[in-house]
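Enquirer: Pasting the sequence and the predicted coordinates here, then a few questions.
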Amino acid sequence: MASVRRDASLGTQLFVLQTVIVLLAVGGTAGVWARHTREQLDALHQQRALAIAQSVAALPQVRAAFTLKNPETVLQPLALSVQGETGADYVVIANSEQTRYAHPNATLIGKRLSTDGTAVLRTGRSWVGTETGTIGTTVRGKAPIRDEYGNVIGLVSVGVLQTTVTGQLAGALPPLLWTALAVLLAGLALAALITVRVRRQTFGLEPREIAALLEQREGVLHGVKEGVLALDLEGRVTLVNDAACELLGEVGEDLTRMPVSDRMRDVLGGADPGEDRVVLHGDRILVLNRTPVEVRGRHRGWVVTLRDRTELTRLARELDAASSATEALRAQAHEFANRMHTVLGLLELGEQEAAIGFINRTAHGAYATGLRERVQDPTLAALLLAKSAEAAERGARLVLSEDSEVPEGVLGDPQDAVLVVGNLVANAIDALDGQEGTVEVSVRAGADGLRVRVGDSGPGITPELVEEVFREGFTTKAARSGPRGLGLALTRQACLRRGGWVQVRDAGGAAGGAVFTAFLPARAGALR
């Protein structure tokens, strides 16, 4: 039987448990009601018996009968008459020595009372209670009989058998039983409805199945490498896994109070909808996707996944730099081959002087030679050379200003410098949008850090967008491949992380365009 109870379904367990609760509630209520009714009936009959006893004790003929030689000849008929008229089970009259003058059983007249009446006779006070006498257990009332001087000369005892009280209680039970049965049936019906509802809400799953699903969900949720964040309809965080906590740091219950940027809050809250939204969070580059959650066709909230693309973005940037350098070398190799063919043709024609002049003009006019003279750091020089080739392929011209000066070895780790210069130059080239124009670059390394100035001859920038351009996700260009609007945000982040700054202004004048200025402070021991 115990194994059957353990193996019972959730619905059966709930129904049995609720049935037991209903039975206990109905049974307890019925028992309390029956006991209270019995106590009320006992009190009612006690007061009724006392009232009868006091009425008999106050009769003049009762008091006068006590002066007779044989009081029982008067009192016995009187007691039987009162007993018959009032419905009492007995009326007993006794003198001060507790000798009976009247009793339903005439054979007991002249004998002593079976219950003690000393308290009434001594104190002269009435009494009510339950006692067992010659005719059984009764609820009774006793009243003293006084002579004309107020002295107690006897007592009257009137009682109702408890069987009579019990019979009256039994007569009141059928309505109670029918009421209890109706409540019980209603409770069982409600228990069945609750059981059906619970089974529907739990999709018919048993407790062990629910526990297994919970364990599996916790295992999958905390085992997945991507961050997972669940939000309800009010924007409260209802679920978060370990990966999300690692990526975001402190995660509160309220989305509006989470220590994240406005951009991150817009994506999490749905103000910036779309797929693969790129967000900067500290030193991390995160990709967020916000998906609605529906249960049984009703919208319940959202699930946000977070992927860390910091390392992937860094590798992609390095690969892009390497690709740009390769393209620059390819272009230079092609240009060098053309020049060699020209020199060879001049020599075959016997124009030695013309060949020598062509070689000298080519050597002194090479962009790479001037670049290496001003920017001696090989990494930064390679970047500018690659960007020059990229600009040329897109119909633009990259010019290195005369005040540029970066001695070899002063940058130390050039990663941040390459990030800042590369993003600013790339943004300037993109601003030309394939049109002919000029990008002017100035890079100067001093004892306090690296100063960068990049200007273009593009359409410029309006004053209201001066701060907006540095927000991640902002772009004035149509997306071509992958997320846009991240380069300037990374540039600002790199400068601010080192205690520097980056600014933009409209160049004005006939040439137009925008001018970006950045200052990247030196790290301790980096710039010498």
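Expert: Okay, I see it. Numbers count the residues shown, from 1 in each chain.
Enquirer: name the element the most centrally placed residue in the chain belongs to?
Expert: Central residue of the chain (CA atoms, centre = their mean): Thr238, 3.9 Å from the mean position. Using DSSP states H and E, Thr238 maps to strand 237-240.
Enquirer: tell me which residues of that strand are tucked away?
Expert: 237, 240 (16 or more other CB atoms under 10 Å). (Glycine included, C-beta is placed from N, CA and C.)
Enquirer: Which element is encountered next along the chain beyond that strand?
Expert: helix 242-248.
Enquirer: Now that next one - C-alpha only, CSV.
Expert: The C-alpha trace of helix 242-248 is given here as CSV (Å, rounded to 0.1, in the frame of the first residue of the first chain):
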residue,chain,number,x,y,z
ASP,A,242,27.1,32.1,-15.1
ALA,A,243,28.4,33.2,-18.5
ALA,A,244,26.1,36.3,-18.5
CYS,A,245,27.3,37.2,-15.0
GLU,A,246,30.9,36.9,-16.1
LEU,A,247,30.3,39.1,-19.2
LEU,A,248,28.2,41.7,-17.5
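Enquirer: Give me the helices and strands touching it, please.
Expert: strand 227-232, strand 298-308 (3 or more CB pairs under 8 Å, 6 or more residues apart in numbering; DSSP states H and E).
Enquirer: ok so, going back, chain center to the strand holding Thr238, what's the gap?
Expert: Its chain's C-alpha centre and that of strand 237-240 lie 6 Å apart, by CA atoms, centre = their mean, to the nearest Å.
Enquirer: what helices or strands is it leaning on?
Expert: Checking 3+ CB pairs under 8 Å, 6+ apart, strand 237-240 ends up next to strand 227-232.
Enquirer: For the strand it packs on, buried residues please.
Expert: 227-231.
Enquirer: what's the most distant pair in these?
Expert: Pairwise distances across the buried residues of strand 227-232 peak at 13.1 Å for Gly227 and Leu231 (criterion: CB to CB).
Enquirer: related to what we said a few turns ago, mind listing what the residue nearest to the centre of the chain touches?
Expert: 230-232, 301 (CB atoms under 8 Å, 6 or more residues apart in numbering).
Enquirer: Could you export those as CSV, including pLDDT and distance to Asp89?
Expert: As requested, the contacts of Thr238 are exported to CSV (pLDDT from 0 to 100; distance: CB to CB, whole Å):
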residue, pLDDT, distance to Asp89
Ala230, 78, 77
Leu231, 82, 79
Asp232, 82, 73
Gly301, 82, 76
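Enquirer: Pick the one among these closest to Lys142.
Expert: Proximity of the contacts of Thr238 to Lys142 (CB to CB) peaks at Asp232, which lies at 74.6 Å.
Enquirer: How about the closest one: what's its closest non-neighbour residue?
Expert: Gly301 (4.5 Å; CB to CB, 6 or more residues apart in numbering).
Enquirer: Kindly report the same for Ala507.
Expert: Closest to Ala507 by CB to CB, 6+ apart is Gly513, at 4.6 Å.
Enquirer: can you pull out the strands in the stretch 151-300 of the chain?
Expert: Counting by DSSP state E, counting those that start in this stretch, the stretch 151-300 of the chain has strands at residues 152-161, 227-232, 237-240, 277-281, 284-295, 298-308.
Enquirer: The shortest one - which strands sit beside it in the sheet, and in what orientation?
Expert: Just to be clear, that refers to strand 237-240. Its sheet considered, strand 237-240 pairs with strand 227-232 (antiparallel) by DSSP bridges.
Enquirer: what's the angle between the partner strand and strand 284-295?
Expert: 40 degrees (axes from the mean of the first three to the mean of the last three CA atoms, to 10 degrees).
Enquirer: that older thread, redo the helices and strands packed on helix 242-248 as CSV? Include distance to Ser81.
Expert: As requested, the helices and strands packed on helix 242-248 are arranged in CSV below (distance: least, CB to CB, whole Å):
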stretch, distance to Ser81
strand 227-232, 84
strand 298-308, 82
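Enquirer: contacting residues for Arg122?
Expert: By CB under 8 Å, 6+ apart, Arg122 has no neighbours at all.
Enquirer: That one is in what secondary structure piece?
Expert: Arg122 belongs to helix 118-123, assigned by DSSP H and E.
Enquirer: For that helix, buried residues please.
Expert: Applying 16+ other CB under 10 Å to helix 118-123 flags 120-121 as buried.
Enquirer: can you check stretch 420-438 too?
Expert: Burial within stretch 420-438, assessed by neighbour count using 16+ other CB under 10 Å, is assigned to 420-432, 437-438.
Enquirer: Out of those, list just those in strands.
Expert: 437-438 (DSSP state E).
Enquirer: Now do the contacts for Val224.
Expert: 241, 243.
Enquirer: separation between it and Val304?
Expert: Counting by CB to CB, to the nearest Å, the separation of Val224 from Val304 is 13 Å.
Enquirer: what do you get for Gly455?
Expert: 40 Å.
Enquirer: Leu188 too?
Expert: In terms of CB to CB, Leu188 sits 46 Å off from Val304.
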